[in-house]
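[1] okay, predicted coordinates and the sequence, questions at the end:
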Amino acid sequence: MAEVPHIPVLSAEAMGYMAPERGGLFVDCTIGAGGHARALMAGGATRLLGLDRDRHALACAAQSLAAWRDRVDLVHADFHELDAVLDARGIARIDGAIADLGVSSMQLEGDGRGFSFKRDEPLDMRMDQSAGATAAELIRETSETELADAIFRYGEERHSRRIARAIVATRRDAPVETTGQLAAIVRRAMPNRGWRRIDPATRTFQAIRIWVNRELDGLATALEVICRRLAANARVVVVSFHSLEDRIVKQTFRALGRGHEAIIRILTKRPLVASDDERDRNPRARSAKLRAAERIA
Ligand SMILES: C[S@@+](CC[C@H](N)C(=O)[O-])C[C@H]1O[C@@H](n2cnc3c(N)ncnc32)[C@H](O)[C@@H]1O
């Protein structure tokens with residue numbers, strides 16, 4: 001697989017909140033290529049537990065964290081299973097956690113994963129290639145209404161009905177099995193408005209990726225589990241890349257920080273965004289929002 005380096009987003013800001021120099025056990029819920037994890041270890045974390053549901057990401061993280069191999073535990077797991085992962089290791093409390101949501105550049109741009117409309121390859125899109133239905137299977141088996149709803153909900157695509165109709169019309173003759181086929185169907189289905197800043201397939205590809213990986217399902221509960229596992233004064237940082245995700249982070253933090261039962265204090269009144277300089281250097285940073293909170297009880 002051609003490797004595309006993943007540049008961590010908002011890393012300095014994330015480390016400012018995580019404060020790894022305090023030492024202790026930190027959890028990287030979405031270790032990816034290990035960029036944030038490296039900064040945690042270099043910054044003074046004593047131990048690190050790194051999770052990812054993509055085995056390829058874990059292999060990359062193992063390489064990039066080789067210098068700290070004795071103090072790093074890498075686990076193939078969805079961070080929604082954090083309770084079970086910690087229980088299995090006899091860990092009650094953690095000293096910090098980071099979740100850098102969504103997909104990595106390695107997934108998006110790497111060959112053979114089926115996330116990108118920039119090349120023609122099998123339509124997979126699963127972060128965890130050992131489980132669940134591929135995008136091609138979902139597209140084959142879903143009704144037109146469900147397809148349209150997913151494209152609208154997860155892509156905020158206002159032409160979702162048109163696109164779903166075109167997909168269903170095409171699949172009557174032959175299954176939609178490649179990224180190139182899907183991109184061509186979407187582009188043809190869109191009203192022709194001349195030059196566009198982004199490819200017309202962008203929102204549909206985002207929607208199907210979120211749908212395939214159930215990226216929003218159970219996110220609020222998973223964030224609550226992270227907060228409940230934090231030791232007193234320990235912090236959680238969440239970086240999100242689209243408004244649906246950010247809304248869930250914001251609402252969950254608010255709910256956990258409200259009233260007599262509050263367990264966290266929100267450290268970011270407004271989400272942090274990347275500087276112009278970072279946006280120029282790393283286009284992935286353009287949509288990033290960082291929120292942080294601290295355990296109080
Ligand atoms: C934006 S990348 C993280 C990059 C990482 N912070 C770095 O600096 O290299 C997101 C990673 O999270 C993983 N991921 C997304 N959702 C996940 C989940 N629910 N559980 C575990 N891993 C997840 C993806 O497979 C991907 O490798």
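    Nice, I can see it.

[2] part of a strand, is residue 235?
    Yes - according to DSSP: H, G, I helix; E, B strand; the rest coil, residue 235 belongs to a strand.

[3] so is the closest residue to it other than its chain neighbours in a helix, a strand, or just coil?
    Once flanking residues are discounted, residue 235 sits nearest to residue 294: 5.0 Å by C-beta to C-beta, 6 or more residues apart in numbering. Quick note: C-beta positions are derived from backbone N, CA and C, even for glycine. Following three-state DSSP, residue 294 is assigned to strand.

[4] residue 294 pairs with what?
    With DSSP bridges as the criterion, residue 294 is bridged to residue 235, residue 265.

[5] dump the residue contacts of it.
    230, 233-235, 264-265, 267 (C-beta atoms under 8 Å, 6 or more residues apart in numbering).

[6] export those to TSV and tack on neighbour count, pLDDT and distance to the ligand?
    Formatted as TSV, the contacts of residue 294 follow (neighbours: other C-beta atoms under 10 Å; pLDDT from 0 to 100; distance: C-beta to the nearest ligand atom, whole Å):
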residue	neighbour count	pLDDT	distance to the ligand
230	23	98	18
233	13	96	23
234	23	98	19
235	25	98	16
264	26	98	20
265	16	97	24
267	17	98	19
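
[7] who does the lowest-mean-pLDDT helix or strand in the chain touch, helix- and strand-wise?
    Lowest by mean pLDDT, DSSP states H and E among the helices and strands of the chain is helix 105-109, with a mean of 88. Packed against helix 105-109 by the contact rule (3 or more C-beta pairs under 8 Å, 6 or more residues apart in numbering; DSSP states H and E) you find helix 55-64.

[8] tell me which parts of this structure are close to the ligand?
    Contact residues (C-beta under 6 Å from any ligand atom) of the chain with the ligand: 6, 8, 30, 32-36, 51-54, 57, 78-80, 100, 102-104, 127.

[9] what subset of those residues is buried?
    In those, burial by neighbour count holds for 6, 8, 30, 32-36, 51-54, 57, 78-80, 100, 102-104, 127, counting by 16 or more other C-beta atoms under 10 Å.

[10] wait, doesn't residue 10 sit right on residue 238?
    No - the pair residue 10 / residue 238 is not scored as a contact, 10.7 Å apart, by C-beta atoms under 8 Å.

[11] shared neighbours of the two, anything?
    residue 290.

[12] neighbour count winner among these two?
    Taking other C-beta atoms under 10 Å, residue 10 and residue 238 do not tie; residue 238 has more neighbours (29 against 24).

[13] for the more buried one, helix, strand, or coil?
    With three-state DSSP as the basis, the three-state label of residue 238 is strand.

[14] surely it touches residue 79?
    No - assessed by C-beta under 8 Å, residue 238 is found out of contact with residue 79, at 10.8 Å.

[15] what are the phi and psi angles of the residue minimising distance to the centre of the chain?
    Nearest to the geometric centre of the chain sits residue 102, at 1.6 Å (C-alpha atoms, centre = their mean). Torsion angles at residue 102 (phi, psi; degrees, to the nearest 10) stand at phi 80, psi -150.

[16] so for the closest residue to residue 207 other than its chain neighbours, what's the pLDDT?
    With C-beta to C-beta, 6+ apart as the criterion, residue 207 has its nearest non-adjacent residue at 3.0 Å, and that residue is residue 155. At residue 155, the pLDDT value in this model is 95.
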